[in-house]
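Chemist: Okay, here's the prediction I keep looking at, along with the sequence it came from:
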Amino acid sequence: MPKGVTRRDLLKTGAAAAAGAAVAAGAALVPNAASAAPSPRRAPYVRRQETVTLRFMTHNTLEKPAGDVLKEMIAEFEAENPNIKIQLDEVPNADVLTKLTAYAEGNDLPDIIDGQFGLSSFISLNAALDITDRIDAEGLRDSFIPVALQAAMDSEGRILGMPLYTGTDALYYRIDHFEEAGLDPNSPPRTWDELVEVAKALTNPRAGRYGFGMYGKTHTQRVIHFMQNNGPDGEMLRLDRESGIWTILCNSPDSIGAVQYLVDLALVHKVVPPNVVEMDYPANVSAFAGGNISMLTTGPWGAQTFIGTNPELEGKFAVAIHPTPDGSTPKLRQGSLVYAIGRTTKYPDEAFKFLKWIAHDRQSYFAAKAGYGPTTKAALEDPAIAEDPFLSVFLEQSLTAVVEPYEVELPEWNRIKDLFDPEWQAALIGDKDVTTAMNTAAQHFKDVLGDRAELKYPVS
(Lines give C-alpha, C1' and ligand atoms only; values in the text may rest on other atoms or scores of the structure.)
Protein backbone atom coordinates (compact mmCIF):
# COMPACT_ATOMS: atom_id res chain seq x y z
CA MET A 1 0.00 0.00 0.00
CA PRO A 2 1.40 3.48 -0.82
CA LYS A 3 2.77 5.27 2.23
CA GLY A 4 2.28 8.85 3.27
CA VAL A 5 -1.53 8.97 3.17
CA THR A 6 -2.79 10.69 6.28
CA ARG A 7 -6.20 11.43 7.73
CA ARG A 8 -5.35 15.11 7.27
CA ASP A 9 -4.92 14.45 3.52
CA LEU A 10 -8.38 12.91 3.45
CA LEU A 11 -9.98 15.87 5.15
CA LYS A 12 -8.21 18.39 2.90
CA THR A 13 -9.02 16.47 -0.26
CA GLY A 14 -12.64 15.97 0.74
CA ALA A 15 -13.04 19.62 1.63
CA ALA A 16 -11.66 20.73 -1.72
CA ALA A 17 -13.94 18.33 -3.57
CA ALA A 18 -16.99 19.45 -1.66
CA ALA A 19 -16.15 23.11 -2.16
CA GLY A 20 -15.78 22.58 -5.88
CA ALA A 21 -19.08 20.75 -6.03
CA ALA A 22 -20.80 23.53 -4.13
CA VAL A 23 -19.47 26.21 -6.48
CA ALA A 24 -20.49 24.16 -9.49
CA ALA A 25 -23.92 23.54 -8.10
CA GLY A 26 -24.41 27.24 -7.55
CA ALA A 27 -23.33 28.05 -11.09
CA ALA A 28 -26.04 26.10 -12.84
CA LEU A 29 -28.67 23.75 -11.50
CA VAL A 30 -30.11 20.80 -13.35
CA PRO A 31 -33.24 21.96 -15.21
CA ASN A 32 -36.33 20.13 -13.98
CA ALA A 33 -34.24 17.72 -11.87
CA ALA A 34 -34.60 18.96 -8.34
CA SER A 35 -37.91 20.53 -9.36
CA ALA A 36 -39.32 17.23 -10.64
CA ALA A 37 -40.91 16.74 -7.22
CA PRO A 38 -42.14 19.34 -4.69
CA SER A 39 -39.35 20.90 -2.67
CA PRO A 40 -38.76 19.27 0.71
CA ARG A 41 -40.38 21.37 3.41
CA ARG A 42 -38.19 22.57 6.22
CA ALA A 43 -38.53 20.74 9.50
CA PRO A 44 -40.48 22.94 11.91
CA TYR A 45 -39.30 23.49 15.45
CA VAL A 46 -41.93 22.12 17.81
CA ARG A 47 -41.44 21.65 21.55
CA ARG A 48 -42.99 18.47 22.94
CA GLN A 49 -43.04 16.93 26.40
CA GLU A 50 -45.17 13.81 25.97
CA THR A 51 -43.69 10.41 25.27
CA VAL A 52 -43.53 9.80 21.54
CA THR A 53 -42.77 6.77 19.40
CA LEU A 54 -40.58 7.18 16.33
CA ARG A 55 -40.82 4.71 13.45
CA PHE A 56 -37.31 3.88 12.26
CA MET A 57 -37.19 2.37 8.77
CA THR A 58 -33.91 0.49 8.36
CA HIS A 59 -32.27 -2.46 6.68
CA ASN A 60 -29.13 -2.21 8.81
CA THR A 61 -30.60 -3.93 11.86
CA LEU A 62 -30.95 -7.06 9.72
CA GLU A 63 -27.17 -7.18 9.16
CA LYS A 64 -24.53 -8.75 11.36
CA PRO A 65 -22.82 -7.37 13.38
CA ALA A 66 -24.01 -3.88 12.39
CA GLY A 67 -27.57 -4.68 13.45
CA ASP A 68 -26.53 -5.60 16.98
CA VAL A 69 -24.43 -2.44 17.27
CA LEU A 70 -27.28 -0.27 16.01
CA LYS A 71 -29.78 -1.88 18.40
CA GLU A 72 -27.36 -1.25 21.26
CA MET A 73 -27.17 2.42 20.25
CA ILE A 74 -30.96 2.60 20.11
CA ALA A 75 -31.21 1.20 23.65
CA GLU A 76 -28.69 3.79 24.86
CA PHE A 77 -30.67 6.56 23.19
CA GLU A 78 -33.92 5.45 24.78
CA ALA A 79 -32.24 5.28 28.20
CA GLU A 80 -30.98 8.85 27.84
CA ASN A 81 -34.28 10.05 26.35
CA PRO A 82 -37.07 8.27 28.25
CA ASN A 83 -39.73 10.34 26.49
CA ILE A 84 -38.74 8.90 23.07
CA LYS A 85 -39.30 5.30 22.03
CA ILE A 86 -37.94 3.78 18.81
CA GLN A 87 -40.13 1.36 16.85
CA LEU A 88 -38.12 -0.60 14.29
CA ASP A 89 -39.50 -0.99 10.79
CA GLU A 90 -37.02 -3.52 9.41
CA VAL A 91 -36.92 -3.84 5.63
CA PRO A 92 -34.62 -6.18 3.65
CA ASN A 93 -31.91 -4.45 1.64
CA ALA A 94 -33.46 -5.07 -1.78
CA ASP A 95 -36.96 -4.00 -0.73
CA VAL A 96 -36.16 -0.54 0.65
CA LEU A 97 -37.14 1.46 -2.44
CA THR A 98 -40.42 -0.45 -2.93
CA LYS A 99 -41.39 0.08 0.71
CA LEU A 100 -40.30 3.74 0.69
CA THR A 101 -42.36 4.36 -2.45
CA ALA A 102 -45.45 2.81 -0.87
CA TYR A 103 -45.03 4.89 2.27
CA ALA A 104 -44.59 8.11 0.26
CA GLU A 105 -47.58 7.43 -1.96
CA GLY A 106 -49.67 6.67 1.12
CA ASN A 107 -48.48 9.88 2.80
CA ASP A 108 -47.41 7.79 5.79
CA LEU A 109 -43.63 7.93 5.89
CA PRO A 110 -41.74 6.63 8.92
CA ASP A 111 -40.14 9.31 11.10
CA ILE A 112 -36.68 8.15 10.01
CA ILE A 113 -36.34 6.78 6.46
CA ASP A 114 -33.73 4.56 4.85
CA GLY A 115 -31.67 5.90 1.93
CA GLN A 116 -30.35 2.56 0.69
CA PHE A 117 -31.20 3.58 -2.89
CA GLY A 118 -29.51 6.97 -2.68
CA LEU A 119 -30.57 10.55 -2.16
CA SER A 120 -32.33 10.50 -5.53
CA SER A 121 -34.98 8.23 -4.01
CA PHE A 122 -35.77 10.88 -1.40
CA ILE A 123 -35.89 13.61 -4.05
CA SER A 124 -38.07 11.77 -6.55
CA LEU A 125 -40.58 10.80 -3.85
CA ASN A 126 -40.43 14.12 -1.99
CA ALA A 127 -39.84 11.92 1.04
CA ALA A 128 -37.39 13.84 3.23
CA LEU A 129 -37.48 17.02 5.27
CA ASP A 130 -34.94 19.74 4.58
CA ILE A 131 -32.77 19.80 7.72
CA THR A 132 -30.22 22.37 6.52
CA ASP A 133 -31.20 24.93 9.18
CA ARG A 134 -31.03 22.35 11.93
CA ILE A 135 -27.60 21.13 10.80
CA ASP A 136 -26.27 24.68 10.78
CA ALA A 137 -27.95 25.63 14.06
CA GLU A 138 -26.20 22.70 15.72
CA GLY A 139 -22.89 23.52 14.01
CA LEU A 140 -22.71 20.05 12.47
CA ARG A 141 -21.78 20.84 8.87
CA ASP A 142 -18.02 21.04 9.41
CA SER A 143 -17.93 18.00 11.65
CA PHE A 144 -18.66 15.63 8.76
CA ILE A 145 -16.11 14.45 6.23
CA PRO A 146 -17.08 16.63 3.22
CA VAL A 147 -17.40 13.83 0.68
CA ALA A 148 -19.72 11.96 3.07
CA LEU A 149 -22.02 14.91 3.73
CA GLN A 150 -22.09 15.72 0.02
CA ALA A 151 -24.09 12.53 -0.52
CA ALA A 152 -26.88 14.04 1.61
CA MET A 153 -27.07 17.34 -0.32
CA ASP A 154 -29.28 18.02 -3.32
CA SER A 155 -28.40 20.17 -6.34
CA GLU A 156 -29.47 23.33 -4.49
CA GLY A 157 -27.23 22.60 -1.54
CA ARG A 158 -30.04 21.58 0.80
CA ILE A 159 -29.15 18.92 3.35
CA LEU A 160 -31.81 16.22 3.34
CA GLY A 161 -30.27 13.75 5.77
CA MET A 162 -27.14 12.53 7.50
CA PRO A 163 -24.77 9.76 6.37
CA LEU A 164 -24.51 6.82 8.77
CA TYR A 165 -21.55 5.35 6.91
CA THR A 166 -19.65 5.75 3.67
CA GLY A 167 -17.06 4.05 1.52
CA THR A 168 -15.80 2.96 -1.85
CA ASP A 169 -15.46 -0.63 -3.03
CA ALA A 170 -12.22 -2.56 -2.64
CA LEU A 171 -11.18 -6.13 -3.42
CA TYR A 172 -11.79 -8.70 -0.69
CA TYR A 173 -10.06 -12.03 -1.17
CA ARG A 174 -9.80 -15.32 0.67
CA ILE A 175 -6.27 -15.83 2.00
CA ASP A 176 -6.89 -19.55 2.50
CA HIS A 177 -8.01 -19.97 -1.11
CA PHE A 178 -4.90 -18.18 -2.37
CA GLU A 179 -2.68 -20.49 -0.35
CA GLU A 180 -4.52 -23.61 -1.52
CA ALA A 181 -4.04 -22.50 -5.14
CA GLY A 182 -0.32 -21.78 -4.63
CA LEU A 183 -0.84 -18.00 -4.92
CA ASP A 184 0.87 -15.40 -2.76
CA PRO A 185 -1.79 -13.80 -0.52
CA ASN A 186 0.50 -10.81 -0.10
CA SER A 187 0.27 -10.09 -3.84
CA PRO A 188 -3.40 -9.69 -4.74
CA PRO A 189 -4.23 -8.65 -8.32
CA ARG A 190 -3.82 -4.96 -9.13
CA THR A 191 -4.53 -4.99 -12.88
CA TRP A 192 -7.47 -6.39 -14.81
CA ASP A 193 -5.23 -8.97 -16.52
CA GLU A 194 -3.93 -10.12 -13.15
CA LEU A 195 -7.50 -10.39 -11.88
CA VAL A 196 -8.34 -12.74 -14.75
CA GLU A 197 -5.31 -14.96 -14.18
CA VAL A 198 -5.77 -15.13 -10.41
CA ALA A 199 -9.50 -15.83 -10.78
CA LYS A 200 -8.71 -18.68 -13.18
CA ALA A 201 -6.27 -20.20 -10.72
CA LEU A 202 -8.85 -20.00 -7.94
CA THR A 203 -11.75 -21.45 -9.93
CA ASN A 204 -12.69 -25.10 -9.39
CA PRO A 205 -16.24 -25.75 -10.66
CA ARG A 206 -16.25 -29.37 -9.44
CA ALA A 207 -15.70 -28.08 -5.91
CA GLY A 208 -18.32 -25.38 -6.41
CA ARG A 209 -15.74 -22.63 -6.18
CA TYR A 210 -15.35 -19.64 -8.51
CA GLY A 211 -12.60 -17.06 -8.52
CA PHE A 212 -14.69 -13.89 -8.61
CA GLY A 213 -18.15 -12.81 -7.52
CA MET A 214 -20.24 -10.30 -9.47
CA TYR A 215 -23.53 -8.52 -8.86
CA GLY A 216 -25.87 -9.71 -11.58
CA LYS A 217 -29.21 -9.07 -9.91
CA THR A 218 -29.11 -5.93 -7.78
CA HIS A 219 -26.30 -3.50 -6.95
CA THR A 220 -25.36 -3.67 -10.63
CA GLN A 221 -24.31 -0.02 -10.38
CA ARG A 222 -21.01 -1.49 -9.23
CA VAL A 223 -20.31 -1.85 -12.95
CA ILE A 224 -19.64 1.89 -12.73
CA HIS A 225 -16.38 1.24 -10.86
CA PHE A 226 -15.04 -0.63 -13.87
CA MET A 227 -16.38 1.94 -16.35
CA GLN A 228 -14.79 4.83 -14.46
CA ASN A 229 -11.31 3.35 -14.70
CA ASN A 230 -11.38 2.40 -18.37
CA GLY A 231 -10.98 5.84 -19.92
CA PRO A 232 -12.30 9.42 -19.82
CA ASP A 233 -15.75 8.50 -21.16
CA GLY A 234 -16.16 5.47 -18.92
CA GLU A 235 -19.32 6.45 -17.08
CA MET A 236 -23.11 6.17 -17.01
CA LEU A 237 -23.88 9.88 -17.30
CA ARG A 238 -22.00 13.17 -17.09
CA LEU A 239 -23.54 16.49 -16.12
CA ASP A 240 -22.63 19.73 -17.85
CA ARG A 241 -23.23 22.27 -15.10
CA GLU A 242 -23.41 25.24 -17.48
CA SER A 243 -26.08 23.80 -19.76
CA GLY A 244 -27.71 21.44 -17.28
CA ILE A 245 -27.55 18.66 -19.89
CA TRP A 246 -26.72 15.06 -19.00
CA THR A 247 -24.44 13.36 -21.53
CA ILE A 248 -25.23 9.67 -21.84
CA LEU A 249 -22.03 7.61 -21.76
CA CYS A 250 -23.04 4.06 -20.88
CA ASN A 251 -22.51 3.14 -24.56
CA SER A 252 -19.17 4.91 -24.98
CA PRO A 253 -16.24 2.76 -26.15
CA ASP A 254 -14.72 3.10 -22.67
CA SER A 255 -17.91 1.93 -20.95
CA ILE A 256 -18.53 -0.87 -23.44
CA GLY A 257 -14.95 -2.06 -22.97
CA ALA A 258 -15.42 -2.24 -19.20
CA VAL A 259 -18.69 -4.13 -19.49
CA GLN A 260 -17.13 -6.47 -22.05
CA TYR A 261 -14.33 -7.24 -19.58
CA LEU A 262 -16.87 -8.22 -16.93
CA VAL A 263 -18.98 -10.24 -19.35
CA ASP A 264 -15.85 -12.10 -20.49
CA LEU A 265 -15.15 -13.06 -16.88
CA ALA A 266 -18.48 -14.87 -16.95
CA LEU A 267 -18.78 -16.21 -20.49
CA VAL A 268 -15.19 -16.62 -21.71
CA HIS A 269 -13.09 -17.23 -18.61
CA LYS A 270 -15.96 -18.78 -16.63
CA VAL A 271 -14.60 -17.58 -13.29
CA VAL A 272 -17.92 -16.37 -11.85
CA PRO A 273 -20.84 -18.55 -10.67
CA PRO A 274 -23.02 -19.66 -13.59
CA ASN A 275 -26.11 -18.27 -11.84
CA VAL A 276 -24.59 -14.80 -11.76
CA VAL A 277 -27.83 -13.06 -12.79
CA GLU A 278 -29.38 -14.39 -9.57
CA MET A 279 -26.53 -13.08 -7.42
CA ASP A 280 -27.52 -10.02 -5.40
CA TYR A 281 -25.56 -8.58 -2.49
CA PRO A 282 -26.71 -11.07 0.19
CA ALA A 283 -26.04 -13.97 -2.18
CA ASN A 284 -22.51 -12.78 -2.88
CA VAL A 285 -21.81 -12.23 0.82
CA SER A 286 -23.04 -15.74 1.57
CA ALA A 287 -20.98 -17.22 -1.28
CA PHE A 288 -17.79 -15.47 -0.15
CA ALA A 289 -18.32 -16.40 3.49
CA GLY A 290 -19.18 -19.98 2.52
CA GLY A 291 -16.13 -20.45 0.29
CA ASN A 292 -17.95 -20.58 -3.04
CA ILE A 293 -16.26 -17.45 -4.39
CA SER A 294 -12.73 -16.33 -3.63
CA MET A 295 -12.76 -12.62 -4.52
CA LEU A 296 -15.47 -9.98 -4.27
CA THR A 297 -15.62 -6.20 -4.46
CA THR A 298 -17.63 -4.44 -1.78
CA GLY A 299 -17.32 -1.65 0.77
CA PRO A 300 -15.82 -1.37 4.26
CA TRP A 301 -18.97 -2.92 5.71
CA GLY A 302 -17.99 -6.17 4.04
CA ALA A 303 -15.40 -7.30 6.57
CA GLN A 304 -17.66 -7.54 9.61
CA THR A 305 -20.58 -8.72 7.48
CA PHE A 306 -18.51 -11.68 6.29
CA ILE A 307 -17.47 -12.53 9.83
CA GLY A 308 -21.03 -12.10 11.06
CA THR A 309 -22.16 -14.56 8.39
CA ASN A 310 -19.39 -17.05 9.18
CA PRO A 311 -17.38 -16.41 12.38
CA GLU A 312 -14.82 -19.03 11.33
CA LEU A 313 -13.81 -16.73 8.47
CA GLU A 314 -12.00 -14.27 10.74
CA GLY A 315 -8.33 -14.11 9.77
CA LYS A 316 -8.94 -15.92 6.50
CA PHE A 317 -9.50 -12.95 4.21
CA ALA A 318 -7.86 -9.65 3.38
CA VAL A 319 -8.69 -6.49 1.45
CA ALA A 320 -6.75 -4.78 -1.33
CA ILE A 321 -7.00 -1.76 -3.59
CA HIS A 322 -9.66 -2.10 -6.30
CA PRO A 323 -8.03 -3.43 -9.52
CA THR A 324 -7.74 -1.10 -12.51
CA PRO A 325 -6.76 -1.83 -16.14
CA ASP A 326 -3.10 -0.93 -15.56
CA GLY A 327 -2.84 -1.06 -11.78
CA SER A 328 -2.93 2.71 -11.34
CA THR A 329 -4.74 4.44 -8.49
CA PRO A 330 -8.47 3.79 -8.90
CA LYS A 331 -11.15 6.44 -9.32
CA LEU A 332 -14.27 5.15 -7.61
CA ARG A 333 -17.73 6.38 -6.72
CA GLN A 334 -18.09 7.08 -3.02
CA GLY A 335 -21.28 5.54 -1.71
CA SER A 336 -22.89 6.75 1.52
CA LEU A 337 -25.92 5.40 3.36
CA VAL A 338 -28.04 8.43 4.21
CA TYR A 339 -30.88 8.42 6.70
CA ALA A 340 -33.43 11.24 6.67
CA ILE A 341 -36.46 12.51 8.52
CA GLY A 342 -39.68 11.47 6.82
CA ARG A 343 -41.66 14.35 5.35
CA THR A 344 -44.87 13.41 7.18
CA THR A 345 -43.38 13.11 10.67
CA LYS A 346 -45.35 14.62 13.54
CA TYR A 347 -42.22 14.70 15.69
CA PRO A 348 -39.46 16.56 13.80
CA ASP A 349 -37.60 17.61 16.96
CA GLU A 350 -37.41 14.11 18.36
CA ALA A 351 -36.63 12.63 14.95
CA PHE A 352 -33.73 15.02 14.45
CA LYS A 353 -32.42 14.24 17.92
CA PHE A 354 -32.41 10.51 17.16
CA LEU A 355 -30.93 10.96 13.68
CA LYS A 356 -28.16 13.11 15.13
CA TRP A 357 -27.50 10.48 17.79
CA ILE A 358 -26.92 7.57 15.41
CA ALA A 359 -25.36 9.41 12.44
CA HIS A 360 -23.26 11.98 14.27
CA ASP A 361 -22.91 11.70 18.03
CA ARG A 362 -22.28 7.94 18.01
CA GLN A 363 -20.98 7.52 14.47
CA SER A 364 -17.42 6.84 15.65
CA TYR A 365 -18.71 4.04 17.86
CA PHE A 366 -20.80 2.56 15.05
CA ALA A 367 -17.96 2.74 12.52
CA ALA A 368 -15.47 1.13 14.91
CA LYS A 369 -17.76 -1.63 16.18
CA ALA A 370 -19.52 -2.44 12.91
CA GLY A 371 -16.46 -1.88 10.72
CA TYR A 372 -18.35 0.49 8.43
CA GLY A 373 -16.78 3.56 6.84
CA PRO A 374 -16.50 6.68 9.04
CA THR A 375 -18.42 9.83 8.07
CA THR A 376 -17.28 12.28 10.75
CA LYS A 377 -13.91 13.90 11.28
CA ALA A 378 -13.96 12.77 14.90
CA ALA A 379 -14.26 9.16 13.74
CA LEU A 380 -11.06 9.51 11.71
CA GLU A 381 -9.20 10.30 14.92
CA ASP A 382 -10.59 7.27 16.76
CA PRO A 383 -7.66 4.83 17.28
CA ALA A 384 -9.97 1.87 16.69
CA ILE A 385 -10.65 3.22 13.19
CA ALA A 386 -7.24 4.69 12.40
CA GLU A 387 -5.54 1.38 13.18
CA ASP A 388 -8.08 -0.88 11.47
CA PRO A 389 -6.21 -2.78 8.70
CA PHE A 390 -9.33 -3.01 6.55
CA LEU A 391 -10.57 0.57 6.88
CA SER A 392 -7.14 1.99 6.02
CA VAL A 393 -7.52 0.72 2.43
CA PHE A 394 -10.87 2.45 2.05
CA LEU A 395 -9.60 5.68 3.57
CA GLU A 396 -6.75 5.66 1.06
CA GLN A 397 -9.15 5.14 -1.84
CA SER A 398 -11.38 7.96 -0.56
CA LEU A 399 -8.64 10.43 -1.50
CA THR A 400 -9.52 9.97 -5.18
CA ALA A 401 -13.19 9.02 -4.80
CA VAL A 402 -16.06 11.01 -6.27
CA VAL A 403 -19.73 11.52 -5.48
CA GLU A 404 -21.61 11.03 -8.73
CA PRO A 405 -24.09 13.89 -9.39
CA TYR A 406 -26.70 11.57 -10.86
CA GLU A 407 -26.84 9.54 -7.66
CA VAL A 408 -27.70 12.54 -5.50
CA GLU A 409 -29.32 15.02 -7.90
CA LEU A 410 -31.21 13.08 -10.56
CA PRO A 411 -34.71 12.07 -9.43
CA GLU A 412 -34.94 9.52 -12.25
CA TRP A 413 -31.72 7.75 -11.28
CA ASN A 414 -33.39 4.70 -9.74
CA ARG A 415 -35.66 4.37 -12.77
CA ILE A 416 -32.61 4.56 -15.03
CA LYS A 417 -30.88 1.86 -13.00
CA ASP A 418 -33.94 -0.34 -13.38
CA LEU A 419 -33.69 0.08 -17.15
CA PHE A 420 -29.96 -0.61 -17.19
CA ASP A 421 -30.13 -3.83 -15.17
CA PRO A 422 -31.96 -5.99 -17.77
CA GLU A 423 -29.47 -4.96 -20.45
CA TRP A 424 -26.55 -5.79 -18.17
CA GLN A 425 -28.13 -9.17 -17.41
CA ALA A 426 -28.83 -9.88 -21.08
CA ALA A 427 -25.15 -9.31 -21.84
CA LEU A 428 -24.05 -11.43 -18.86
CA ILE A 429 -25.90 -14.51 -20.10
CA GLY A 430 -25.09 -13.92 -23.77
CA ASP A 431 -28.60 -13.04 -24.93
CA LYS A 432 -27.24 -9.77 -26.34
CA ASP A 433 -23.78 -8.67 -27.35
CA VAL A 434 -22.41 -5.95 -25.09
CA THR A 435 -22.59 -3.16 -27.68
CA THR A 436 -26.26 -3.85 -28.44
CA ALA A 437 -27.11 -4.07 -24.75
CA MET A 438 -25.39 -0.80 -23.88
CA ASN A 439 -26.87 0.99 -26.90
CA THR A 440 -30.31 -0.16 -25.79
CA ALA A 441 -29.63 1.10 -22.27
CA ALA A 442 -28.46 4.45 -23.67
CA GLN A 443 -31.67 4.85 -25.65
CA HIS A 444 -33.68 4.05 -22.52
CA PHE A 445 -31.76 6.78 -20.66
CA LYS A 446 -32.58 9.25 -23.44
CA ASP A 447 -36.25 8.28 -23.43
CA VAL A 448 -36.47 8.93 -19.69
CA LEU A 449 -34.52 12.20 -19.60
CA GLY A 450 -35.74 13.66 -22.89
CA ASP A 451 -34.39 17.11 -23.66
CA ARG A 452 -32.31 17.08 -20.49
CA ALA A 453 -29.94 14.52 -22.02
CA GLU A 454 -27.89 13.99 -25.16
CA LEU A 455 -26.45 10.91 -26.83
CA LYS A 456 -22.75 11.42 -27.48
CA TYR A 457 -22.40 8.04 -29.19
CA PRO A 458 -24.84 6.56 -31.75
CA VAL A 459 -27.15 3.82 -30.56
CA SER A 460 -27.39 1.98 -33.87
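Modeler: Received, thanks.
Chemist: so the closest residue to residue 175 other than its chain neighbours is in which element?
Modeler: The shortest distance from residue 175 to any non-neighbouring residue, by C-beta to C-beta, 6 or more residues apart in numbering, is to residue 185 (4.4 Å). To be clear about C-beta, it is placed using only N, CA and C from the backbone, and glycine gets the same treatment. In the assignment (DSSP states H and E), residue 185 maps to no helix and no strand.
Chemist: So residue 185 is in contact with residue 173, correct?
Modeler: Yes. Residue 185 is within contact range of residue 173, at 7.5 Å (criterion: C-beta atoms under 8 Å).
Chemist: Compare neighbour counts for those two and give me the winner.
Modeler: Ranked by neighbour count (other C-beta atoms under 10 Å), residue 185 and residue 173 place residue 173 first, with 26 against 17.
Chemist: Three-state assignment for the more buried one, please.
Modeler: strand (DSSP: H, G, I helix; E, B strand; the rest coil).
Chemist: Relative to residue 395, how far out is it?
Modeler: Residue 173 sits at a distance of 19 Å from residue 395 (criterion: C-beta to C-beta, to the nearest Å).
Chemist: thinking again about what came up before, which residues touch the residue nearest to residue 175?
Modeler: Taking C-beta atoms under 8 Å, 6 or more residues apart in numbering, we find residue 185 in contact with 173, 175, 178, 179, 318.
Chemist: mind listing the strands for the stretch 201-350 of the chain?
Modeler: Secondary structure of the stretch 201-350 of the chain, counting by DSSP state E, counting those that start in this stretch: strands at 237-240, 245-248, 295-298, 317-320, 335-341.
Chemist: Tabulate those (JSON lines), appending mean pLDDT, distance to residue 434 and mean neighbour count.
Modeler: Shown next, in JSON lines, are the strands of the stretch 201-350 of the chain (pLDDT from 0 to 100; distance: least, C-beta to C-beta, whole Å; neighbours: other C-beta atoms under 10 Å):
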{"stretch": "strand 237-240", "mean pLDDT": "96", "distance to residue 434": "18", "mean neighbour count": "18"}
{"stretch": "strand 245-248", "mean pLDDT": "98", "distance to residue 434": "16", "mean neighbour count": "21"}
{"stretch": "strand 295-298", "mean pLDDT": "97", "distance to residue 434": "20", "mean neighbour count": "24"}
{"stretch": "strand 317-320", "mean pLDDT": "97", "distance to residue 434": "27", "mean neighbour count": "20"}
{"stretch": "strand 335-341", "mean pLDDT": "94", "distance to residue 434": "25", "mean neighbour count": "27"}
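Chemist: Could you point out which of these sits nearest residue 141?
Modeler: For residue 141, the closest of the strands of the stretch 201-350 of the chain is strand 335-341, at 14.8 Å, according to C-beta to C-beta.
Chemist: Surely residue 172 is in contact with residue 302?
Modeler: Yes. Counting by C-beta under 8 Å, residue 172 does reach residue 302; the two are 5.5 Å apart.
Chemist: anything in contact with each of the two?
Modeler: Common neighbours of residue 172 and residue 302 (C-beta under 8 Å, 6+ apart) are 296, 319.
Chemist: where exactly do the helices run in the stretch 201-350 of the chain?
Modeler: 223-228, 253-267, 281-290, 302-309, 348-356 (DSSP state H, counting those that start in this stretch).
Chemist: Low-confidence bits of the stretch 101-250 of the chain, can you list those?
Modeler: For the stretch 101-250 of the chain, no stretch has pLDDT under 70.
Chemist: Distance to residue 329 for the strands of the stretch 201-350 of the chain - can I get that in TSV?
Modeler: Listed next are the strands of the stretch 201-350 of the chain as TSV, based on distance: least, C-beta to C-beta, whole Å:
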stretch	distance to residue 329
strand 237-240	21
strand 245-248	25
strand 295-298	16
strand 317-320	13
strand 335-341	18
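Chemist: For residue 74, which of the ones you listed is the nearest?
Modeler: Taking C-beta to C-beta, strand 335-341 is the member of those nearest to residue 74, at 12.7 Å.
Chemist: Just the residues contacting the closest one, thanks.
Modeler: Strand 335-341 has contacts (C-beta under 8 Å, 6+ apart) with 43, 58, 60, 111-116, 118-119, 122, 127-129, 131, 148, 151-152, 160-169, 299, 348, 351-352, 355, 358-359, 375, 403, 407.
Chemist: just stretch 59-70 next, same as before
Modeler: By C-beta under 8 Å, 6+ apart, stretch 59-70 touches 58, 71, 88, 90-93, 96, 114, 116, 164, 301, 304-305, 307-309, 337, 358, 365-366, 369-372.
Chemist: Same question for stretch 268-288.
Modeler: Residues outside stretch 268-288 that contact it (C-beta under 8 Å, 6+ apart) are 93-94, 172, 174, 196, 199-200, 202-203, 205, 210-219, 265-266, 292-294, 296, 298, 302, 305-306, 309, 317, 425, 428-429.
Chemist: change it to 7 Å
Modeler: The contact list for stretch 268-288 (C-beta atoms under 7 Å, 6 or more residues apart in numbering) reads 93-94, 172, 196, 199-200, 203, 210-219, 265-266, 292-293, 296, 305-306, 309, 425, 428-429.
Chemist: what's across from the residue nearest the centre of the chain in the sheet?
Modeler: With distances taken as C-alpha atoms, centre = their mean, the residue of the chain nearest its centroid is residue 335 (3.2 Å). Counting by DSSP bridges, residue 335 forms beta bridges with residue 167.
Chemist: can you put the helices of the stretch 201-350 of the chain in a markdown table and add mean neighbour count and distance to residue 135?
Modeler: Shown next, in a markdown table, are the helices of the stretch 201-350 of the chain (neighbours: other C-beta atoms under 10 Å; distance: least, C-beta to C-beta, whole Å):
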| stretch | mean neighbour count | distance to residue 135 |
| --- | --- | --- |
| helix 223-228 | 22 | 29 |
| helix 253-267 | 20 | 36 |
| helix 281-290 | 20 | 30 |
| helix 302-309 | 22 | 29 |
| helix 348-356 | 22 | 9 |
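Chemist: closest to residue 387 out of those?
Modeler: Proximity to residue 387 (C-beta to C-beta) singles out helix 302-309 among the helices of the stretch 201-350 of the chain, at 14.0 Å.
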